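Enquirer: Got a predicted structure here, sequence first:
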Amino acid sequence: MYEAIQIVHSYWAYLVVLIVTLATINALAGFFTKREYAPKDFRVSLFALIVTHIQLLIGIIIFFVSPMVVWFSGTHKMGEIMKDATLRLYNVEHPTVMILTIVFITMGYSKHKKKLTSTPKFKTLAIFYTVAWVLMLSRIPWAQWF
Ligand code: HEM
């Protein structure tokens, strides 16, 4: 069970990083070139929303089964988790920051849909998706992933 979920979370992350990066670049390019918002812009931003939400569900499951998460094993005190960089990353920073990433993607997506013209749509996406992208890249366990 754990191994399977770990593999899915690890491989799905490639898709998440790729799509969120593309959607962010697309939003920034659309805003700075002042072009018309097109159906493909809607699709790429929606795709970023979908892949991150799927990763959220997988992440929540892995949080409860991973041996890297020690909250439920009773083996570590809060202070010990916070003092150890690896334990802090998996138990606190990665889950919290990734949930924040997904909140920013969701807010950007739903706010941009309410804007009626192209530049405000791109501006909203560009701001929220860029913040989400930076947050996401800041707390990926790069060393363990590759
Ligand atoms: C944008 C969303 C997310 C991305 C891109 C992402 C990416 C990753 C990556 C690349 C790894 C390392 C995989 C490996 O070592 O092969 C990982 C591990 C992990 N992630 Fe996420 N993650 C996301 C969301 C979440 C969420 C929301 C949670 C929990 C609520 C979570 C919990 C975990 C845990 C517990 C591990 C350690 C798994 C283990 O090796 O035992 N992740 N994540």
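Expert: Arrived safely.

Enquirer: what does the protein put close to the ligand?
Expert: When proximity is defined as Cβ under 6 Å from any ligand atom, the chain approaches the ligand at 6, 9-10, 13, 16, 52, 55-56, 59-60, 62-63, 66, 68-69, 90, 94-95, 98-99, 101-102, 136, 140-141, 144-145. Bear in mind the C-beta positions are built from the backbone N, C-alpha and C, glycine included.

Enquirer: hmm, try it at 8 Å
Expert: Taking Cβ under 8 Å from any ligand atom as the criterion, the chain approaches the ligand at residues 2, 6-7, 9-10, 12-13, 16-17, 20, 52, 55-56, 58-60, 62-63, 65-69, 90-91, 94-95, 98-99, 101-102, 136, 140-142, 144-145.

Enquirer: can you pull the buried residues of the host helix or strand of Ile81?
Expert: Here Ile81, judged by DSSP states H and E, is contained in helix 78-83. Along helix 78-83, these residues count as buried under the neighbour rule (16 or more other Cβ atoms under 10 Å): Ile81.

Enquirer: can you give me the helices in this protein?
Expert: Read by DSSP state H, the chain holds these helices, from start to end of the chain: 2-33, 39-65, 78-83, 85-88, 94-114, 118-138, 142-145.

Enquirer: looking at these, which is buried most?
Expert: Neighbour counts (mean count of other Cβ atoms under 10 Å) averaged over each of the helices of the chain peak at helix 118-138, with a mean of 20.

Enquirer: which other helices and strands contact that helix?
Expert: Using 3 or more Cβ pairs under 8 Å, 6 or more residues apart in numbering; DSSP states H and E as the contact definition, the elements that helix 118-138 packs against are helix 2-33, helix 39-65, helix 94-114.
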